[in-house]
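1. build me a model:
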Amino acid sequence: MALRWLVVPGFVFLGIVPALSGCSSSHRRDQYFGTDAGANYQSPDAASFSSQGGIDASTADGAAAGTTGTTGGVIGSAGTIGTTGGVTSSAGTTGSTGGTTGAAGTTTLQGVFTAIGNMTVARDNHTATMLSNGKVLIAGGDDGNGDTLASAELYDPSAGTFTATGSMVAARESQTATMLSNGKVLIVGGDDGNGNALASVELYDPSGGTFTAAGSMVAARELQTATMLSNGKVLIAGGDDGNGNALGSAELYDPSAGTFTATGGMVAARELQTATMLSNGKVLIVGGDDGNGNALGSAELYDPSAGTFTATGGMVAARELQTATMLSNGKVLTAGGDDGNGDTLASAELYDPSAGTFTATGSMVAARELQTATMLSNGKVLIAGGDDGNGDTLASAELYDPSAGTFTATGSMVAARELQTAMLLSNGRVLIAGGDDGNGNALESAELYQ
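-> The predicted structure follows:
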């Protein structure tokens with residue numbers, strides 16, 4: 001792929017070059033995306049926007065109680081939670097007048113990742129979108145050999161299998177994928193694998209299993225964000241123009257008309273930012289890169305009723321390659337990322353829409369960037385994988401508890417990965433698919449967290 005350096009092995013290539021903590025921010029940016037700041041980053045939003053609900057896998061109930069002795073035996077005690085969520089159940093005690101021993105509780109492992117069937121194609125920097133039928137659409141990305149993919153596939157949770165579906169009209173990576181109210185999926189922009197940002201757009205129809213062209217954006221862009229608004233339109237903001245220039249422009253897609261129209265420009269040009277829909281209908285744009293290798297500490301709000309962006313409180317720390325997750329209390333958790341100076345962050349912070357401010361919260365167990373963040377139904381957030389900033393891809397995962405404001409370790413993934421996707425399924429499990437193993441190899445493996 002043109003965006004990858006073919007001379008010096010590194011993160012996206014066929015070898016490992018450890019990141020130097022003293023290297024410049026522009027070098028760190030080029031290490032991941034090539035000199036065009038192109039196609040080797042999966043926007044966090046594409047992996048996390050649909051991550052809602054789920055189970056609290058780390059605090060599930062213990063094993064079933066032991067049975068009562070025939071002449072008054074005592075009920076067996078519940079199992080206790082292991083350090084990574086596994087359950088150890090104790091046997092019921094013998095009845096005081098000769099009752100039989102209660103049956104041992106059933107062991108149920110919680111907070112663990114388990115391998116499932118492989119995808120049809122190895123890929124990283126792809127998108128994952130939950131469909132209305134409960135299946136997950138996996139589209140595009142990079143195959144790890146320098147080829148950008150047009151192929152797509154479906155994961156069926158009931159069967160636990162991946163199957164091919166129709167291919168996209170254009171091969172692309174660093175695109176966005178957004179589920180529309182009519183059940184179709186809007187695929188926008190991205191990189192064609194030759195260093196060219198795309199303006200083209202297409203729609204996936206689950207009923208036919210096909211992609212069709214759907215016009216073009218006002219501006220070609222990659223590494224942008226896409227956010228579904230309460231009025232059914234989709235806000236496309238920022239990104240890179242394919243020439244290393246961060247964009248300040250934004251536009252709206254209207255599904256009823258099938259057209260894109262310009263809307264007010266952002267306060268700051270940015271790429272690699274996050275975008276989160278707030279409960280008041282506004283969209284929070286956070287951090288990112290200014291296109292010159294500088295991580296941004298600024299944030300802004302888009303108001304759909306006015307069609308304008310306005311500045312809001314600045315972050316505690318400038319960051320890019322972070323994740324942003326809406327919590328059940330209405331606040332937004334921003335975690336990890338890169339500070340633009342080559343340092344990967346363990347810090348996290350909360351945005352309070354009512355006050356318009358960011359405040360620090362507990363730090364992650366491990367510093368990481370290029371990770372995924374998935375909201376669980378109990379209000380906790382699963383943080384998985386990513387890069388530690390020293391050239392090592394992470395298999396570790398952790399949970400953020402909003403009530404305590406702390407992160408704690410949970411079970412590790414089966415495979416270390418970055419640039420993967422994470423999607424909460426209707427059965428409460430989290431699907432982790434693909435990514436890069438840190439040696440430039442795209443992964444076809446997938447796993448489930450429960």
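2. assign a three-state SS to residue 129, would you?
-> Following DSSP: H, G, I helix; E, B strand; the rest coil, residue 129 is assigned to strand.
3. what bridges to it?
-> In this entry, residue 129 is beta-bridged to residue 137, by DSSP bridges.
4. over to residue 335?
-> Beta-bridge partners, per DSSP bridges, of residue 335: residue 323, residue 348.
5. how close does residue 431 get to residue 138?
-> According to Cβ to Cβ, to the nearest Å, residue 431 and residue 138 sit 9 Å apart. Every C-beta, even on glycine, is put in place using the N, C-alpha and C of the backbone.
6. pick out whichever of the two has more residues nearby.
-> residue 138 (29 against 22; other Cβ atoms under 10 Å).
7. what's around the closest residue to residue 303 other than its chain neighbours, how many residues?
-> Excluding its sequence neighbours, the residue lying closest to residue 303 (Cβ to Cβ, 6 or more residues apart in numbering) is residue 282, at 5.5 Å. Neighbours of residue 282 under the rule other Cβ under 10 Å: 22.
8. OK, contacts around residue 282?
-> Applying Cβ atoms under 8 Å, 6 or more residues apart in numbering, we find residue 282 in contact with 301, 302, 303, 304, 353.
9. quick check: pLDDT value at it.
-> Looking at residue 282, its pLDDT reads 98.
10. closest to residue 271 among the contacts of residue 282?
-> Nearest to residue 271 among these is residue 302, at 16.3 Å by Cβ to Cβ.
11. look up phi and psi at that closest one.
-> phi -100, psi 130 (degrees, to the nearest 10).
12. can you classify residue 244 by secondary structure?
-> Strictly by three-state DSSP, residue 244 counts as coil.
13. wait, it sits on residue 293?
-> No - at 9.9 Å, residue 244 does not count as touching residue 293 under the criterion of Cβ atoms under 8 Å.
14. count the neighbours of residue 199 for me.
-> Residue 199 has 17 neighbours, counted by other Cβ under 10 Å.
15. can you pull the contacts of it?
-> 189, 216, 217, 218, 219, 220, 221.
16. gap between the closest residue to residue 186 other than its chain neighbours and residue 203?
-> Distances taken as Cβ to Cβ, 6+ apart place residue 178 nearest to residue 186, at 4.7 Å, with adjacent residues excluded. Per Cβ to Cβ, residue 178 is found 10 Å from residue 203.
17. the more surrounded of these two?
-> residue 178 (24 against 19).
18. pretty sure the more buried one is in contact with residue 185, am I right?
-> Yes - between residue 178 and residue 185 there is a contact at 6.9 Å, judged by Cβ under 8 Å.
19. any residues in contact with both of those two?
-> Residues touching both residue 178 and residue 185 (Cβ under 8 Å, 6+ apart) are residue 129.
20. hang on, the earlier thing: among the contacts of residue 282, the buried ones, what's the PyMOL command?
-> Of those, the buried ones can be selected in PyMOL as follows, counting by 16 or more other Cβ atoms under 10 Å:
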select buried, resi 301+302+304+353
